[in-house]
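Asker: need a 3D model of the following:
(one chain, ligands or ions: 1)
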Amino acid sequence: MPKGFSLEQCRAVITGASSGLGAEFARQLAPKAEVLVLVARREEALEKVKLELSGTGTKVLCCVSDLATEGGRSDVIAFLAANGVNPNLLINNAGMGDYGSFASSSAEKTRTQIELNITALTMLTHALLPLLETPGGILNVSSLASTLPMPELAVYAASKAYVTSFSEALAIELAPKNITVSCVCPGPTPTNFSQTAKREDGSDTNRDGQGLLRIPPSQVVGEALKALRLGQPCVFPGLGVAIVSRVFRLMPRGIMRWVLKRRAGKE
Ligand SMILES: NC(=O)c1ccc[n+]([C@@H]2O[C@H](COP(=O)([O-])OP(=O)(O)OC[C@H]3O[C@@H](n4cnc5c(N)ncnc54)[C@H](OP(=O)(O)O)[C@@H]3O)[C@@H](O)[C@H]2O)c1
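Answerer: This next block holds a predicted model:
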């Protein structure tokens, strides 16, 4: 059974590395890593992160790919083979949200969200597992939103419930293969997430109380990498998020529904 994953000289694939938490994973891993493969759609933004890491001595490769498509996911595997990278760490970080009611959501954005948050994370893990050198690590980025149903962010919260559940199961399945699986569930973190989740009509979601839970990306990533190093299956970074997540998980379902209805202004 793995007691955690050592980050020293790791060869990591980081999805969604062109901004936010993904770019921060690259920054924090760069001083230790042997190779970092940064995956996202925006080439220019990836190259900017690569440039930032140029003094660290780590080999950084940019793989431009749309992970919400099957072709894009295959391209990542082909890229690794073409560049002779034998990864031992996969960080499934790319993800997106969509603020507003489900009924008024765009079918296209909802489909992309499911493809990215669920299908890409699952199928990239599936495709990479046979290539992952051991001792290996998988770090999945879920969310505090995975702990409760969220009106006006319904598909996102459900997709992250999937990520947490999937990760916890994989952690047990892969332990005998010497692969450590951890899942990080951040609360509100200042990145491009909200910008992407907002709709063209400006629809937003109720974000009351989020300010109290907000912590910087550097702290989220630091705690996530520590959990992976120590072999903790799931971490909620920041004291506020850790407490709130515990409350959400222990709250009787009936009370939770009542609170959520009031918050949504439906009662
Ligand atoms: N920020 C928060 O409050 C918060 C809270 C909890 C969990 N999270 C989770 O944290 C993860 C990272 O998000 P973030 O907060 O860092 O937001 P972000 O700054 O918007 O970063 C999202 C990353 O995903 C990439 N991405 C989006 N669509 C993609 C696609 N189709 N194919 C490949 N890459 C794609 C983006 O790059 P390109 O646009 O270049 O493709 C970007 O690098 C997500 O899984 C999110 O759900 C965030």
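Asker: D98 falls within a helix, correct?
Answerer: No - in this structure, D98 is coil, not part of a helix, as judged by DSSP: H, G, I helix; E, B strand; the rest coil.
Asker: all helices for the stretch 1-150 of the chain, in order.
Answerer: Applying DSSP state H, counting those that start in this stretch to the stretch 1-150 of the chain gives helices spanning 20-29, 43-52, 70-82, 107-114, 121-128.
Asker: show me what the fourth one is packed against.
Answerer: Yep, that's helix 107-114 we're talking about. Helices and strands in packing contact with helix 107-114 are listed as helix 154-174; criterion 3 or more Cβ pairs under 8 Å, 6 or more residues apart in numbering; DSSP states H and E. Where you see a C-beta, it was placed from the backbone N, CA and C, and this is true even at glycine.
Asker: so what's the residue count around V235?
Answerer: Close neighbours of V235, defined as other Cβ atoms under 10 Å, add up to 24.
Asker: doesn't E223 make contact with it?
Answerer: Yes - between V235 and E223 a contact is recorded at 5.6 Å, counting by Cβ atoms under 8 Å.
Asker: what sits in contact with each of the two?
Answerer: When contacts are counted by Cβ atoms under 8 Å, 6 or more residues apart in numbering, the set common to V235 and E223 consists of V184.
Asker: ok, back up a step: so which of the helices of the stretch 1-150 of the chain is the most surrounded?
Answerer: Stretch with highest mean neighbour count among the helices of the stretch 1-150 of the chain: helix 20-29 (a mean of 24; mean count of other Cβ atoms under 10 Å).
Asker: now the one helix or strand V244 maps to: buried residues?
Answerer: In this structure, V244 sits in helix 239-250 according to DSSP states H and E. In terms of neighbour count (16 or more other Cβ atoms under 10 Å), helix 239-250 has its buried residues at G240, V241, A242, V244, S245, F248.
Asker: by contact count, what packs against it?
Answerer: Packed against helix 239-250 by the contact rule (3+ Cβ pairs under 8 Å, 6+ apart) you find helix 210-213.
Asker: now the very next helix or strand once past the helix it packs on against helix 239-250, angle please.
Answerer: Proceeding N to C from helix 210-213, the next assigned helix or strand is helix 217-230, under DSSP H and E. Between helix 217-230 and helix 239-250, the angle formed by their directions is 60 degrees, by axes from the mean of the first three to the mean of the last three Cα atoms, to 10 degrees.
Asker: which secondary structure elements does helix 217-230 sit against?
Answerer: In terms of contact count using 3+ Cβ pairs under 8 Å, 6+ apart, helix 217-230 is assigned the packing partners helix 20-29, strand 136-141, strand 179-184, strand 234-235.
Asker: right, and the ones you listed - which one's nearest the ligand?
Answerer: Judged by Cβ to the nearest ligand atom, the one of these that comes nearest to the ligand is helix 20-29, at 2.1 Å.
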